[in-house]
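J.: I need the structure of the sequence given here:
(one chain, ligands or ions: 3)
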Amino acid sequence: MKVLKFGGTSVGTTQRMKDVVKLIDNGEKKIVVLSAMSGTTNALYEVAGYLLKKNTVGAHETISALEKKYYKHIDELFTTEKYKNLMSEFMKKEFDYLRSFTKGVFTSFEEKIIVGQGEILSTNMVYNYLCEKNANVSMLPALDFMRTDRNGEPDSIYIREKLTTLLKADPDRDIYITQGFICRNVYGEIDNLQRGGSDYTASLIGAACDAEVIQIWTDIDGMHNNDPRIVDITEPIHHLSFEEASELAYFGAKILHPTCVQPAKYANIPVMILNTMDPTAQGTTISNKTEHKLFKAVAAKDNITVVNIVSSRMLLAYGFLRKVFEIFESFKTSIDMVTTSEVGVSVSIDNDTNLDAILSELKKFGTVRIDKNMCIICLVGDLDWENEGREAIATEAMKDIPVRMISYGGSNHNISFLIRADDKPRALQVLNEKLFLIQNK
Ligand code: ADP
Ligand code: ASP
Ligand code: MG
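T.: Numbers count the residues shown, from 1 in each chain. Ligands and ions are numbered 1, 2, ... in the order given. The predicted model follows:
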């Protein structure tokens with residue numbers, strides 16, 4: 001079995017949907033995970049935002065604009081009256097449902113339901129289009145098997161059991177279509193795997209059905225060596241190890257959801273990143289193998305806050321760091337980078353929801369200072385410490401950028417710089433010029 005995931009832009013227009021169908025309708029057995037059409041999830045979050053603020057007029061306007069688009073999509077996609085009618089009925093029900101949320105109470109519980117409708121819409125369109133073309137296809141509703149546990153983490157045992165049962169009940173299909181992103185929580189309520197979570201759905205499904213490969217189809221020919229939204233000349237990386245890919249995804253390479261590599265890594269299933277607009281391009285293969293290159297890629301993670309605790313009295317005492325870390329742990333706030341000196345420790349976090357409470361606890365241990373609007377630049381390459389001078393090349397490249405923290409030696413393939421967010425474009429550009437365009441040649 002193969003698992004293929006198509007992102008928002010890959011199903012963003014009816015022409016793209018037709019292209020996706022050409023790619024998948026080839027007689028091979030596969031599970032196809034679809035995101036919402038690009039722009040839809042944002043629009044649904046907008047609707048939810050209006051409703052949380054009790055602005056029903058705003059919500060109605062956004063729903064109507066979305067509805068108009070979808071009726072146009074039906075007209076463009078389907079050719080037979082039968083399917084045009086069937087889909088119009090489906091759309092009517094869907095949009096009546098969305099409008100039903102403008103009446104009555106609206107909480108984060110209803111928000112979860114609304115923002116998940118984009119995947120319901122896209123999968124029904126592609127599924128019915130395949131049916132119209134007489135393809136051997138079946139729908140696997142994600143809400144019937146995708147579930148998180150009491151810690152909010154995917155419940156891999158439940159997912160495997162349910163998915164296996166569903167596949168066994170309908171074994172002879174070529175194509176199984178399912179929704180990315182959406183799931184149920186431990187109470188059975190509708191939930192999701194966070195923005196961009198369809199990648200995660202695909203790798204969880206891949207691991208649950210022992211897939212031979214997980215293909216992430218998107219709008220670019222693989223993971224590039226720098227952020228193509230910021231830097232002009234970037235190149236695809238053809239091979240990455242699971243660790244390198246996790247590091248890049250976690251530290252900001254938007255092309256992959258940060259947690260998506262883990263299930264594939266544990267199950268040892270290769271993940272390919274492929275381009276729907278250029279299906280013959282090699283793309284990126286993420287597996288246990290890697291290609292050795294001094295510097296392979298750079299990524300940037302935004303919205304970082306640095307917390308610095310200085311305590312001449314306590315730092316060298318046993319247990320000081322543990323106490324500091326426990327405070328972050330108790331507020332479910334994970335730490336990305338850490339540097340210590342004899343008198344102080346600096347840590348970086350990307351979630352400052354509980355910052356005030358954390359700061360007031362930390363103040364019991366020393367003087368606390370924070371720097372906001374920071375960014376982590378993560379450089380991935382062959383950075384085993386025994387290869388002398390490699391970190392020096394990286395720091396030399398960054399010599400004109402003020403660096404707040406450096407982290408090196410946490411793994412054999414990463415060096416991270418913490419800088420001001422304003423300096424990010426310059427840092428990415430300069431690393432590109434000095435490390436990829438010159439150094440690797
Ligand atoms: P999808 O809708 O298919 O999930 P995303 O928008 O989530 O697609 O991810 C693809 C986008 O990620 C690309 O269009 C590109 O702009 C951006 N991106 C950011 N960093 C990288 C990178 N290192 N390599 C490739 N693409 C990247
Ligand atoms: N549609 C969801 C989002 O926009 C999930 C995804 O695209 O992966 O975040
Ligand atoms: Mg994505």
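
J.: ok, which residues in the stretch 101-250 of the chain are in contact with ligand 3?
T.: residue 196 (CB under 5 Å from the ion). Just so you know, the C-beta spots here come from the backbone N, C-alpha and C atoms, and that holds for glycine as well.

J.: how about the helices of the stretch 101-250 of the chain, start to end?
T.: Counting by DSSP state H, counting those that start in this stretch, one finds helices in the stretch 101-250 of the chain at the ranges 108-115, 117-132, 156-169, 198-208, 242-250.

J.: could I get those as a markdown table with distance to ligand 2, mean pLDDT and mean neighbour count?
T.: Formatted as a markdown table, the helices of the stretch 101-250 of the chain follow (distance: least, CB to the nearest ligand atom, whole Å; pLDDT from 0 to 100; neighbours: other CB atoms under 10 Å):
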| stretch | distance to ligand 2 | mean pLDDT | mean neighbour count |
| --- | --- | --- | --- |
| helix 108-115 | 8 | 97 | 17 |
| helix 117-132 | 5 | 98 | 23 |
| helix 156-169 | 17 | 98 | 15 |
| helix 198-208 | 3 | 98 | 28 |
| helix 242-250 | 13 | 93 | 23 |
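
J.: Nearest to residue 336, out of those?
T.: helix 242-250 (8.4 Å; CB to CB).

J.: ok, residues contacting stretch 285-292?
T.: Applying CB atoms under 8 Å, 6 or more residues apart in numbering, the contact partners of stretch 285-292 are 223, 237-242, 244-245, 261, 264, 268, 270-273, 382.

J.: rerun that using 6 Å as the cut-off
T.: Residues outside stretch 285-292 that contact it (CB atoms under 6 Å, 6 or more residues apart in numbering) are 239-241, 245, 270-272, 382.

J.: now swap in stretch 183-191 and tell me
T.: Stretch 183-191 has contacts (CB under 6 Å, 6+ apart) with 112-113, 116, 143, 146-150, 193.

J.: mind running it again at 7 Å?
T.: Outside stretch 183-191, the residues within contact range by CB atoms under 7 Å, 6 or more residues apart in numbering are 109, 112-113, 116, 142-143, 146-150, 182, 192-193.

J.: Ok, stretch 230-238 next?
T.: Contacts of stretch 230-238 (CB under 7 Å, 6+ apart): 221-226, 228, 282-285, 291, 296-297, 425, 428-429, 432, 437.

J.: quick one: buried residues of that stretch?
T.: For stretch 230-238, burial by neighbour count (16 or more other CB atoms under 10 Å) applies to 231, 234-237.

J.: and what of stretch 30-49?
T.: For stretch 30-49, by 16+ other CB under 10 Å, it's 30-38, 40-41, 43-48.

J.: tell me the contacts of residue 145?
T.: Listed by CB under 7 Å, 6+ apart, the contact partners of residue 145 are 159, 162-163, 166.

J.: To clarify, my last question referred to residue 24.
T.: 4, 30, 32, 175.

J.: Show me the residues you listed that map onto strands.
T.: 4, 30, 32, 175 (DSSP state E).

J.: Redo the contacts of stretch 285-292 as CSV? Include distance to residue 203.
T.: Output for the contacts of stretch 285-292, formatted as CSV (distance: CB to CB, whole Å):
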residue, distance to residue 203
239, 18
240, 14
241, 15
245, 11
270, 11
271, 7
272, 12
382, 26
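
J.: Any of these buried? List them.
T.: Of those, these count as buried by 16+ other CB under 10 Å: 239-241, 245, 270-272.

J.: Please determine how far the nearest residue to residue 268 once chain neighbours are set aside is located from ligand 2.
T.: Distance criterion CB to CB, 6 or more residues apart in numbering; nearest residue to residue 268, sequence neighbours excluded, is residue 288 at 6.7 Å. Computed as CB to the nearest ligand atom, to the nearest Å, the residue 288 to ligand 2 distance reads 26 Å.

J.: Could you check how far residue 288 is from residue 245?
T.: Distance, residue 288 to residue 245, using CB to CB, to the nearest Å: 11 Å.

J.: Please apply the same query to residue 217.
T.: From residue 217 to residue 245 the distance is 16 Å (CB to CB).

J.: go on, residue 321?
T.: 30 Å.

J.: contacting residues around stretch 251-265?
T.: 196-197, 199-200, 203-204, 206-207, 214, 216, 218, 220, 223, 242, 245-246, 249-250, 271, 273, 286, 299-302, 376, 378.

J.: Please identify the residues of the stretch 201-350 of the chain in proximity to ligand 1?
T.: 218-220, 223-224, 227-229, 253-255, 299 (CB under 6 Å from any ligand atom).
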